[in-house]
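Enquirer: Pasting the sequence and the predicted coordinates here, then a few questions.
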Amino acid sequence: GSRAFPEQLYCNPFKFPPLRFASLPSRAMLSHCQRLRGRILTLFIVTEPPGHFHRFCGIFRRKAGKSDTCTGQDLWNFGKNLFFSYFSAIIVRYHSCIFRENGLLFLGGIFLKRNTKTLLCVLCAVAAVLCVIAACFVLTKKQSSTPASSAASGASVSAYGKVSDFDYANFDYSNGLDDNGYWSGIRALDYVSLPDTVIALPLSKADVEPTEAEIQTQIDTLLNQYATTKTITDRAAQSGDTVNIDYSGAVDGVAFTGGTATGYNLTLGSHTFIDGFEDQIIGHNVGDTFDVTVTFPEGYGDSTDAEGNTLPLSGREAVFSVTVNAITQSVVPTLTDEWVASNFAASDDLHTADALRQYFDRALYASNLDNAVMDYLLNNSTFKEVPTQITNYYICMFLNYHSQLASQYGMDLQAYAQAKGYADADAMLADSDAYFAHLAKQDLLFQAIAETLNIAPTQEQIDSANASYADTYGPQRSMLNALQLAVLDKVEESVVLS
């Protein structure tokens, strides 16, 4: 079955037709994130690529030029972050979800609306990053790459087994963990040999200390999220404007399913639609009705006509009748002491532009340090083997999440995987093998260091983790989160930068 979508979500001028999934965060997820301790500014830090640990679960990319310890994937990446815990994050680069089925495109806005003037909501809107329980979806815009082509190049069955081998429907976050936050029955040092020392790790300043350009990027991103909208009535549409349009498309005079929308907001210059579509709107005024002629890219999926007959679109010219209903312009605020104080004094005790810069400097430093430590440990440790108990845990987490997401679309897991471009659910699972091993290795590293240095979380760390996670994820998972934070703190306090 397929999920019903309202008429305004059928948008075939979109440039990139392959399936793009993104999940709508639930109220439970939002409530969970809002319960996290710490200042609002420190709650969410977006990190890319995933698979690294961060005490801030948040908004910053890794330093340019650093490669991740496992290969990225085109559609989604399964990873985890650390903030008194680690959880996977949903990272959505665009403010929409594009869903493809039977050649049709559906566009649905999924981003949180900013309902308070706190940076928490802004950062949620910027990156839709929520401390959730399962997978990482990364929406990418690569015209030459599709999930199907990506999946086709990989194995058809996971090295860990078939989907049917895993009891993912009954997955529990505390399964396999003891009361101390260790993996039950596993001595990590039997599986991994740590570097000669995990104290005084030698790290490069260049990998940790943020640059002025990186700090400015975060500030610019923040300012853009506080932009206001100005209605334009005295000029024609320009690149950068958002136009509200109605459109109806046809190929050789035949209207096709998914080619009509009313009241759609399109930002000119965003390259959301087929090449040439947005350019032909520039220069038109409110009330203008005109034709836009474009050519669908090669490989674009088929549609249907009014009678349900297949209508190929790949490489064909289409004419869209477009009406401009409104033109708006985004007005970005200027960074001033007054602006910072009015927005972040109460929530984050920040009163000046310099204080905001210092905050981003500290947060970027912390995020980069977490990544650099994990990179060093992963690259300088030797793994004899990875217990299937841990990889199976993350596989079940992964499958449980996707199964729930599939049910939201009225599908079973097989249909869901096929809609994403995979041959079946087994192929979808196989495409993530590297991530399951990667996550398991990180867990082994943390536990091995705890075993070596006799590290245990403080009562404050335990209380913080329990307050945020115990009710939802169980006391054992909460303790593992507290333990891993304690380990990371211990290792980082003696790092040597040069």
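Expert: Sure thing, it's come through. Keep in mind that this is a model prediction, so the values were computed, not measured.
Enquirer: which residues of this structure score low on pLDDT?
Expert: Counting by pLDDT under 70, the ranges of the chain that qualify are 1-155.
Enquirer: Please go through it and pick out the longest helix.
Expert: Looking across the chain with DSSP state H, the single longest helix is helix 353-379.
Enquirer: packing partners for that one?
Expert: Contact here means 3 or more CB pairs under 8 Å, 6 or more residues apart in numbering; DSSP states H and E; on that basis helix 353-379 packs against strand 202-203, helix 205-208, helix 212-225, helix 337-348, helix 433-453, helix 475-492. Every residue, glycine included, has its C-beta placed from N, CA and C.
Enquirer: helix or strand right after the longest one?
Expert: Sequence-wise, the next helix or strand downstream of helix 433-453 (DSSP states H and E) is helix 459-465.
Enquirer: same check, this time on the last one
Expert: Following helix 475-492 in sequence order, the next helix or strand is strand 496-497 (DSSP H and E).
Enquirer: May I have the strands that pair with that following strand, each with its orientation?
Expert: Strand 496-497 has the following strand partners under DSSP bridges: strand 202-203 (parallel).
Enquirer: residues in contact with the strand it pairs with?
Expert: By CB atoms under 8 Å, 6 or more residues apart in numbering, the list of residues contacting strand 202-203 from outside reads 369, 372-373, 376, 495-498.
Enquirer: ok, of those residues, which come out buried?
Expert: Neighbour-count burial (16 or more other CB atoms under 10 Å) applied to these gives 369, 372-373, 376, 495.
Enquirer: Show me which pair in those residues is furthest apart.
Expert: Taking CB to CB, the two most distant members of the buried ones among the contacts of strand 202-203 are 369 and 376; they sit 10.6 Å apart.
Enquirer: hang on, the earlier thing: can you put the helices and strands packed on helix 353-379 in TSV and add distance to residue 185?
Expert: Putting the helices and strands packed on helix 353-379 into TSV (distance: least, CB to CB, whole Å) gives the following:
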stretch	distance to residue 185
strand 202-203	34
helix 205-208	36
helix 212-225	43
helix 337-348	44
helix 433-453	12
helix 475-492	13
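Enquirer: can I get the ones you listed in CSV with mean neighbour count and distance to residue 274?
Expert: Below are the helices and strands packed on helix 353-379 laid out as CSV (neighbours: other CB atoms under 10 Å; distance: least, CB to CB, whole Å):
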stretch, mean neighbour count, distance to residue 274
strand 202-203, 14, 46
helix 205-208, 15, 41
helix 212-225, 16, 26
helix 337-348, 16, 38
helix 433-453, 22, 33
helix 475-492, 23, 46
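Enquirer: Indicate which one of the ones you listed is closest to residue 390.
Expert: helix 433-453 (4.0 Å).
Enquirer: picking up where we left off before, any idea which of the contacts of strand 202-203 is closest to residue 465?
Expert: Closest approach to residue 465 among the contacts of strand 202-203 (CB to CB): residue 373, at 19.8 Å.
Enquirer: Verify the stated contact: the closest one with residue 490.
Expert: No - the criterion here is CB atoms under 8 Å, and residue 373 misses it with residue 490 at 10.7 Å.
Enquirer: ok, and the closest non-adjacent residue to residue 313?
Expert: Distances taken as CB to CB, 6 or more residues apart in numbering place residue 296 nearest to residue 313, at 4.4 Å, with adjacent residues excluded.
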